[in-house]
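J.: how would this look folded up:
(one chain, ligands or ions: 1)
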Amino acid sequence: MNDLKNIFPRKEEIPPQFAIAKPIEQREYLINGEMRTWEGKLNPVLSPVFINDGNTLAQAVIGSTPLLTEKEALQALDAAVAAYDQGHGYWPTLGVEGRIEHVEKFLAEMRKQRDEVVKLLMWEIGKPLKDSQKEFDRTCDYIEDTIKSLKELDRNSAKLVEEQGFMAQIRRVPLGVALCMGPFNYPLNETFSTLIPALIMGNTVVFKPAKYGVLLIRPLLEAFRQSFPAGVINITYGRGRETVGALMETGRIDVFAFIGTNKGANDLKKLHPKLHRLKAILGLDAKNPAIVLPDADLDNAVKECVAGSLSFNGQRCTALKILLVHKSVLEEFISKFKSELAKLKSGMPWTDGVSLTPLPEPGKVDYLRELVEDAKTHGAEIINENGGQYLESFFYPAMLYPVNDKMRVYYEEQFGPVIPIMSFDGAQEAIDYVVNSNFGQQVSIFGSESKELAKLMDAFCNQVGRINVNAQCQRGPDTFPFNGRKDSAEGTLSVADALRVFSIRTLVATKSTDANKQIIGSIIRNRESAFLSTDYIV
Ligand code: G3H
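T.: Got it, this is the predicted structure:
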């Protein structure tokens, strides 16, 4: 570990290409195709990076964002509702090819902003340079794959089906007005993994950026404005409960795409007056365990568990949040884990080869310290050198052992660099942990004996959304289904699934009589309907 005293940089140590010359004061926001200017109060954007002036550490203030109110949020909603126009608006009736063109235009404009967005990802949420670049590139790939997948979907819908004396054409159509909200840990990628599918399927959108990772949307505002017709995408800022609560209460939100806590999702959903009308797609909390069996390849298990629990400081919904290690390999596992952990470099997001960086959530370090103290009270110890040391927003990973069910860290999603470790004797103990958990996103199993692995797979397949064998938990590849059970998710996302969740199948059906065939044939031949058509995009 670097000396904590020196972890935060002096101003002159910040590489010039990553420096923010002066705070970015954002006053613009996008409603109804207009870039409006906010004259009211601003919300300061504090970086997790502190600056060392030789004597004191001061938290960097990198800018401010508009503290919009309920009034502006409702204006954004009005614009989205008008653009949708009960399904008769330009956007929902445009057709797949036209909508793809707009999204492609946006993608081209977005790519031009890569450096600026990456820089802000580093400053706003402390994400290492490489991971920030990866987040940006992965998002662009996701958009490209979405376009490809939609073309395929469209091709498959461009035909008539015949069944039991009926002929029909089945197509996917939009749902209405979508409210999209992303999380701070992937403020670009996770947000766009709902926002782009919502748009491309013909919905109109109100987008509220995450709590942290807000300024990084600013370089994309103009791209949104130029690429989409007025009202199709509206971007609003301000306090979540005030602005988003007001939107839900109107009952005019048709789709709620939210990545955050299950409590937050519950509270917001309940505000909608007609819950049956609200479709929700939610990515929520998780407490993914790793289960290390006696015959596991320990080098691989340790490598995957270190990455799984500590990539982006453990701030991934898919992170490994508790490690269950068979008692026969516990000692060796812990010793290898410690030496791998000791190799991780601490520093600033731009530090070459850095893994461990400051945490963006205010109060997070105190929360992690509380979890550690609570675990200690119930018999655990910090077992790694320097574990739990902290300075301002930086917290050095703490390996906790032995963890038991009296401790908060056994149940709570720490979403940070605390690694709870438990030993187990029989596989049933590991199965019970998963079955009794409130969460059901993913699990990792490490082992080599096929019979034992198969037994665990079968025990977990009705408990979680993905079982990872000899690998950490993760969302990617983005074409794979990503979901969860219990308090972990609602609905399934993947490139293809996202297109489904933001749309509904509608069909035109008729009895296959000669007269009806003639009518249908003439509509198709003369291109009289946009819906009933066998045209498709090549
Ligand atoms: O925070 C949750 C993300 O969806 C996890 O994605 O597994 O690719 O890091 P990831």
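
J.: Count the neighbours of Asn288 for me.
T.: Neighbourhood size, Asn288 [other C-beta atoms under 10 Å]: 30. Yep, even glycine has a C-beta here, placed from its N, CA and C like the rest.

J.: show me the residues around it that make contact.
T.: The contact partners of Asn288, by C-beta atoms under 8 Å, 6 or more residues apart in numbering, come to 308, 318-322, 439, 441-444, 464, 473.

J.: what do you get if the cut-off is 6 Å, keeping everything else the same?
T.: 320-321, 441-442, 473 (C-beta atoms under 6 Å, 6 or more residues apart in numbering).

J.: The ligand contacts on the stretch 51-200 of the chain?
T.: By C-beta under 6 Å from any ligand atom, the residues of the stretch 51-200 of the chain that approach the ligand are 185-186, 190.

J.: In a helix, Pro9, correct?
T.: No: per DSSP: H, G, I helix; E, B strand; the rest coil, Pro9 lies outside any helix segment and is coil.

J.: secondary structure class for the nearest residue to it once chain neighbours are set aside?
T.: Nearest residue to Pro9 in three dimensions, chain neighbours excluded: Met348, at 5.7 Å (C-beta to C-beta, 6 or more residues apart in numbering). Applying three-state DSSP to Met348 yields a three-state assignment of coil.

J.: just the helices in the stretch 151-300 of the chain please.
T.: Assigned by DSSP state H, counting those that start in this stretch, the stretch 151-300 of the chain shows helices spanning 189-200, 218-227, 240-249, 262-270, 298-310.

J.: same question for the last one, mean pLDDT?
T.: Computed over helix 298-310, the mean pLDDT rounds to 98.

J.: ok, which residues in the stretch 251-400 of the chain are in contact with the ligand?
T.: Residues of the stretch 251-400 of the chain found near the ligand (C-beta under 6 Å from any ligand atom) are 316-318.

J.: top of those by neighbour count?
T.: That'd be Cys317 among these, by other C-beta under 10 Å, with 27 neighbours.

J.: Ramachandran coordinates for that residue?
T.: phi -60, psi -30 (degrees, to the nearest 10).

J.: excluding its backbone neighbours, what's nearest it?
T.: In space, and not counting its chain neighbours, Cys317 is closest to Ala286: 5.1 Å by C-beta to C-beta, 6+ apart.

J.: which phi and psi does Phe394 have?
T.: Taking degrees, to the nearest 10, you get phi -100, psi 140 for the backbone angles of Phe394.

J.: Need phi/psi at the residue nearest to it when sequence neighbours are not counted.
T.: Nearest in space to Phe394, with sequence neighbours left out and distances taken as C-beta to C-beta, 6+ apart, is Pro358 at 4.6 Å. Taking degrees, to the nearest 10, you get phi -60, psi 160 for the backbone angles of Pro358.

J.: hang on, Leu46 in a helix?
T.: No: judged by three-state DSSP, Leu46 forms no part of a helix; its state is strand.

J.: I figured it hits Ala60, correct?
T.: No: counting by C-beta atoms under 6 Å, Leu46 sits too far from Ala60 to count as a contact (7.3 Å).

J.: Using the three-state scheme, assign the closest residue to Thr510 other than its chain neighbours.
T.: The spatially closest residue to Thr510, leaving aside those adjacent along the chain, is Asn516, at 4.4 Å (C-beta to C-beta, 6+ apart). Assigned state for Asn516: helix (three-state reduction, three-state DSSP).

J.: So what's the residue count around Asn516?
T.: Neighbours around Asn516, by other C-beta under 10 Å: 14.

J.: Near the ligand, which residues of the stretch 401-538 of the chain are found?
T.: Neighbours of the ligand within the stretch 401-538 of the chain, by C-beta under 6 Å from any ligand atom: 474-476.

J.: 8 Å instead, please
T.: Counting by C-beta under 8 Å from any ligand atom, the positions of the stretch 401-538 of the chain adjacent to the ligand are 473-476, 482.

J.: give me phi/psi at Met457?
T.: The phi/psi pair for Met457 (degrees, to the nearest 10) is phi -60, psi -50.

J.: ugh, typo on my part, it should be Pro66
T.: phi -70, psi 130.

J.: That one contacts Glu39, doesn't it?
T.: No: counting by C-beta under 6 Å, Pro66 stays clear of Glu39, with 9.2 Å between them.

J.: okay, these two: which has more neighbours?
T.: A direct count of neighbours by other C-beta under 10 Å for Pro66 and Glu39 places Pro66 higher, at 23 against 7.

J.: Dig out what Phe424 forms beta bridges with.
T.: Assessed by DSSP bridges, Phe424 has beta-bridge partners His326.

J.: picking that back up, now the helices of the stretch 151-300 of the chain as a markdown table including mean neighbour count?
T.: A markdown table is the format used below for the helices of the stretch 151-300 of the chain (neighbours: other C-beta atoms under 10 Å):
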| stretch | mean neighbour count |
| --- | --- |
| helix 189-200 | 26 |
| helix 218-227 | 18 |
| helix 240-249 | 18 |
| helix 262-270 | 17 |
| helix 298-310 | 21 |
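
J.: OK, contacts around Gly231?
T.: Counting by C-beta under 6 Å, 6+ apart, Gly231 touches 32, 79-80, 82-83.

J.: Can you tell me which of those residues are buried?
T.: Those of these that meet the buried threshold are 32, 79-80, 83, by 16 or more other C-beta atoms under 10 Å.

J.: Which of those fall within helices?
T.: Residues of these located in helices (DSSP state H): 79-80, 83.

J.: Grab the most central residue of this structure for me.
T.: Centroid-nearest residue in the chain, with C-alpha atoms, centre = their mean: Glu190, separated by 3.1 Å.

J.: Hmm, that one is touching Gly182, no?
T.: Yes: Glu190 is in contact with Gly182 according to C-beta under 6 Å; the separation is 4.8 Å.

J.: what's the overlap in contacts for those two?
T.: Taking C-beta under 6 Å, 6+ apart as the criterion, Glu190 and Gly182 both touch Ile259.

J.: Just give the closest residue to Ile24, not the sequence neighbours.
T.: The spatial neighbour of Ile24 that comes closest, neighbours along the chain excluded (C-beta to C-beta, 6+ apart), is Gly63 at 3.5 Å.

J.: For the one you found, give its distance to Ala21.
T.: Here Gly63 is placed at a distance of 11 Å from Ala21 (C-beta to C-beta, to the nearest Å).
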